[in-house]
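1. Make a model of this:
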Amino acid sequence: MNINLLVIRTDNPELLKAQYEKLGFEFDYHRHGKGPYHYASEQNGFVFEIYPLTKSMTKADGNLRLGFDVSNLSAVIDNLKDTDWIIKSDIKETEWGIIAIIQDLDGRKIELKNK
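-> Below is the predicted model:
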């Protein structure tokens with residue numbers, strides 16, 4: 001089984017889109033039928049979407065943890081320094097590989113793993 005879709009919600013889709021673009025995502029802006037406009041990125045059969053909060057939501061879910069493989073972890077982390085990403089844990093070798101932990105504007109922790 002492979003994950004093929006991930007949807008996150010935020011109160012500021014434009015800012016979050018710009019933040020994730022720094023990780024290498026490229027987004028299109030569109031909507032499905034009468035649904036809300038949102039950003040979508042598709043790579044290798046995986047669709048990552050950033051939607052606005054629903055009317056019943058007061059804030060984004062900052063507890064969700066994400067993980068992405070990246071080609072050159074060291075270069076990615078260097079490029080994220082002095083940006084709006086928070087580097088929670090610098091690059092380290094673990095039993096799961098070489099990883100770093102960063103945090104997005106909504107408080108989600110993202111594990112970046114060196115490919």
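2. Please make it C-alpha for all contacts and neighbour counts, starting now.
-> Fine.
3. partner residues bridging the residue nearest to residue 65 when sequence neighbours are not counted?
-> Leaving out its chain neighbours, the residue that sits closest to residue 65 by CA to CA, 6 or more residues apart in numbering is residue 109, at 5.0 Å. Under DSSP bridges, the beta-bridge partners of residue 109 are residue 65, residue 103.
4. Count the neighbours of residue 109 for me.
-> Other residues within reach of residue 109, judged by other CA atoms under 10 Å, total 20.
5. now the strands for the chain?
-> 5-10, 28-30, 38-43, 46-52, 65-70, 86-94, 97-103, 109-114 (DSSP state E).
6. Against residue 87, how distant is the spatially most central residue of the chain?
-> Central residue of the chain (CA atoms, centre = their mean): residue 20, 5.1 Å from the mean position. To residue 87, residue 20 is 14 Å away according to CA to CA, to the nearest Å.
7. go on, residue 23?
-> Distance from residue 23 to residue 87, counting by CA to CA: 13 Å.
8. out of these two, which sits in the busier spot?
-> Of the pair residue 23 and residue 87, residue 87 is the one with more neighbours under other CA under 10 Å, namely 19 against 16.
9. Report pLDDT for the more buried one.
-> On pLDDT, residue 87 comes in at 97.
10. Quick check: beta-bridge partners of it?
-> Beta-bridge pairing for residue 87 (DSSP bridges): residue 102.
11. residues touching the nearest residue to residue 16 once chain neighbours are set aside, list them.
-> Excluding its sequence neighbours, the residue lying closest to residue 16 (CA to CA, 6+ apart) is residue 105, at 6.8 Å. By CA atoms under 8 Å, 6 or more residues apart in numbering, the contact list for residue 105 reads 16, 19, 84-85.
12. Kindly reformat those residues as JSON lines containing distance to residue 56.
-> JSON lines is the format used below for the contacts of residue 105 (distance: CA to CA, whole Å):
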{"residue": "16", "distance to residue 56": "20"}
{"residue": "19", "distance to residue 56": "25"}
{"residue": "84", "distance to residue 56": "27"}
{"residue": "85", "distance to residue 56": "27"}
